[in-house]
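Colleague: Task: produce atomic coordinates for the following.
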Amino acid sequence: MTATTVIAAEPEPRLARIRSVNRRILAAAWGMSSFKVGFFVFIALLLASAIYPEVSSVSATKMVVKDKFLAPVYLGDKWTWDHVLGTDQLGRDILMRSLIGLRYSLLVGIVTVLLIFIIGCGLGLFAGFKGKWWDTIIMRITDAQLSIPMIILAITILGVSRPTVPTIIIVLALSGWPLYARVARSAAVAERGKEYVRGLRVLGAGDWRILLLFAAPNILPPIAFVAVLDVARMMIFEAILGFLGLGIQPPTPSFGSIIADSRKYLLNAWWIGTIPGIFLAVALTSINLMGSALEKARNRIYGGL
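Modeller: This is a model prediction of the structure:
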């Protein structure tokens, strides 16, 4: 067997080792009770927000003035089983509005993090692997954008445009990619000098082939595990924008707009703002439990514990 054959045969076991590490991280996270609790709560909320509004006959936007300010069941003088979590000041069902708000909040959070991950890690890997003036230009753009708080940049852009779901996702993604770019760039610089990269270059492999087929699978999974925590952060940003009137526009309900409209009714109809807030808090807690468990598992595996 020649030296060339040995080097050429190396990538496959390396990819198998990478996959094994990723499986070990997932298995270690699954072994934690916090991850299981967060996972099952998150799946329950996801299924409820996706299925229940489609099969229920109750509308989230239909106004029935005679049913306004109905309390949740057993928590007031006026309540009905048709609206188990009560109604708001216009007679709209709180449960349905909370689930629709949760649906859009999860949509914005998940899709935004995916876009941030693709854009940020793509630019960071390219900058770190290519180096030279590509690295300088991309990192200076990253530094300039990191100097502007993300929420301020999002408010500025959405304040002069029409807030829609795609617009909010794009604005948050374009505001949040620099941090991922810096992390991915640092990992790519470390990976660029390793022996297997030199061996592949000796065999004639180009930078793009090495980057996409060998370096990226080794660099990106650890970043992706921690990215789960950013889903909760994007959901909070979406709620903040809705509270300020720059999020998803009425009549479509969102957590931010519901809570903003409920402020004047907190004394006599507390459930209008409290129940959507509870839904948001439970969703954020479940995501944080999963993300925290994945981060602990990643640190444990890469730390050799």
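Colleague: so Gln89 touches Phe69, yeah?
Modeller: Yes. Between Gln89 and Phe69 there is a contact at 6.6 Å, judged by Cβ atoms under 8 Å. All C-beta spots, glycine's among them, are computed from the backbone N, C-alpha and C.
Colleague: any shared contact partners between the two?
Modeller: Counting by Cβ atoms under 8 Å, 6 or more residues apart in numbering, the shared contacts of Gln89 and Phe69 are Tyr265, Ala269.
Colleague: From the contact counts, what lies against the one helix or strand Val41 maps to?
Modeller: Assessed by DSSP states H and E, Val41 sits inside helix 33-55. Using 3 or more Cβ pairs under 8 Å, 6 or more residues apart in numbering; DSSP states H and E, the elements in contact with helix 33-55 are helix 94-130, helix 271-302.
Colleague: which one of those helices lies closest to Pro251?
Modeller: Proximity to Pro251 (Cβ to Cβ) singles out helix 94-130 among the helices and strands packed on helix 33-55, at 10.0 Å.
Colleague: what pLDDT, on average, does the closest one get?
Modeller: The pLDDT scores in helix 94-130 average 91.
Colleague: now do stretch 279-294
Modeller: Averaged over stretch 279-294, pLDDT sits at 94.
Colleague: Residue ranges in this protein under the pLDDT threshold?
Modeller: Low-confidence segments of the chain (pLDDT under 70): 1-19, 304-305.
Colleague: how does it look with 80?
Modeller: 1-22, 76-77, 130-132, 191-219, 221-222, 226, 302-305 (pLDDT under 80).
Colleague: ok, the most centrally placed residue in it - contacts?
Modeller: Residue closest to the average C-alpha location in the chain (Cα atoms, centre = their mean): Val231, at 2.1 Å. Applying Cβ under 8 Å, 6+ apart to Val231 gives the contacts Leu106, Gly109, Ile110, Val113, Ile287, Gly291.
Colleague: Surely the fourth one is in contact with Met234?
Modeller: Yes. Judged on Cβ under 8 Å, Val113 makes contact with Met234 at a distance of 5.9 Å.
Colleague: what about the helices in the stretch 151-300 of the chain?
Modeller: 165-192, 195-202, 207-210, 216-243, 255-262, 271-302 (DSSP state H, counting those that start in this stretch).
Colleague: buried residues in the longest one?
Modeller: Of the residues in helix 271-302, those buried under the neighbour-count criterion (16 or more other Cβ atoms under 10 Å) are 271-276, 279-280, 283-284, 286-298, 301.
Colleague: just checking, what packs against that helix?
Modeller: Using 3+ Cβ pairs under 8 Å, 6+ apart: helix 271-302 touches helix 11-30, helix 33-55, helix 94-130, helix 216-243, helix 255-262.
Colleague: TSV for those, including distance to Ala190?
Modeller: Output for the helices and strands packed on helix 271-302, formatted as TSV (distance: least, Cβ to Cβ, whole Å):
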stretch	distance to Ala190
helix 11-30	15
helix 33-55	28
helix 94-130	8
helix 216-243	9
helix 255-262	40
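Colleague: do you know which of those lies nearest Ala184?
Modeller: helix 94-130 (2.9 Å).
Colleague: Buried by neighbour count: which residues of stretch 121-139 qualify?
Modeller: By neighbour count on 16+ other Cβ under 10 Å, the buried set for stretch 121-139 is 121-130, 135, 138-139.
Colleague: same thing with stretch 186-206?
Modeller: Ala187, Ala188, Glu191, Arg192, Tyr196, Val197, Gly199, Leu200, Ala205.
Colleague: Pull up the gap between the third one and Pro178, please.
Modeller: Spelled out, that is Glu191. With the distance defined as Cβ to Cβ, to the nearest Å, Glu191 ends up 20 Å from Pro178.
Colleague: now do the fifth one
Modeller: Relative to Pro178, Tyr196 is positioned 29 Å away (Cβ to Cβ).
Colleague: cool, the last one as well?
Modeller: The spacing between Ala205 and Pro178, counted by Cβ to Cβ, is 30 Å.
Colleague: what does the first one give?
Modeller: Summarising the geometry, the distance separating Ala187 from Pro178, computed by Cβ to Cβ, is 15 Å.
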